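> Fold the following for me, if possible:
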Amino acid sequence: MPDLDPYNLRPWLDEHENFARSIEPADPRFEIAQRMLQIIAETKRRFTPSPDGTANYVPGKQIIEELSVLRLKAEEAQSR
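As a prediction, the model looks like this:
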């Protein structure tokens with residue numbers, strides 16, 4: 001998993017998106033994965049350019065927390 005840079009969430013979101021997309025519909029984690037994909041899509045739509053055009057900003061703390069919790073739940077469900 002890429003290191004989390006709070007000023008550049010895109011690589012971190014992309015990695016979580018790849019994880020969520022790898023979960024098949026028959027998998028018990030599928031609902032969690034779908035919620036993750038919704039959050040990621042919504043976040044990417046909300047990116048706004050920084051004043052200098054070098055970065056994108058969104059209110060990241062809540063997004064990071066929510067995706068981290070969902071990923072943890074999915075990983076725990078996989079180990080059962």
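
> can we go C-alpha only for contacts and neighbour counts from here?
Fine.

> Low-confidence bits of the chain, can you list those?
1-7, 49-59 (pLDDT under 70).

> In it, which helix is the longest?
Secondary structure assigned by DSSP state H gives helix 60-78 as the longest helix of the chain.

> From the contact counts, what lies against it?
Here helix 60-78 touches helix 30-46, going by 3 or more C-alpha pairs under 8 Å, 6 or more residues apart in numbering; DSSP states H and E.

> Mind listing what's buried along the longest helix of the chain?
63, 67, 70-71, 74 (16 or more other C-alpha atoms under 10 Å).

> Pick the one among those residues closest to R29.
A74 (5.5 Å; C-alpha to C-alpha).

> Surely the closest one touches A33?
Yes. Judged on C-alpha atoms under 8 Å, A74 makes contact with A33 at a distance of 7.5 Å.

> Can you add distance to N18 and give the buried residues of helix 60-78 back as JSON lines?
Formatted as JSON lines, these follow (distance: C-alpha to C-alpha, whole Å):
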{"residue": "I63", "distance to N18": "17"}
{"residue": "L67", "distance to N18": "13"}
{"residue": "L70", "distance to N18": "14"}
{"residue": "R71", "distance to N18": "12"}
{"residue": "A74", "distance to N18": "13"}
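
> re the thing from before, and the angle from the longest helix of the chain to helix 30-46?
If you take axes from the mean of the first three to the mean of the last three C-alpha atoms, to 10 degrees, helix 60-78 sits at 160 degrees to helix 30-46.

> Give me the contacts around helix 60-78.
6, 9, 16, 28-29, 32-33, 36, 39, 43 (C-alpha atoms under 8 Å, 6 or more residues apart in numbering).

> for stretch 21-29, same thing?
So stretch 21-29 is in contact with 30, 33, 37, 74, 77-78, going by C-alpha under 8 Å, 6+ apart.

> Please consider this matter closed, and thank you.
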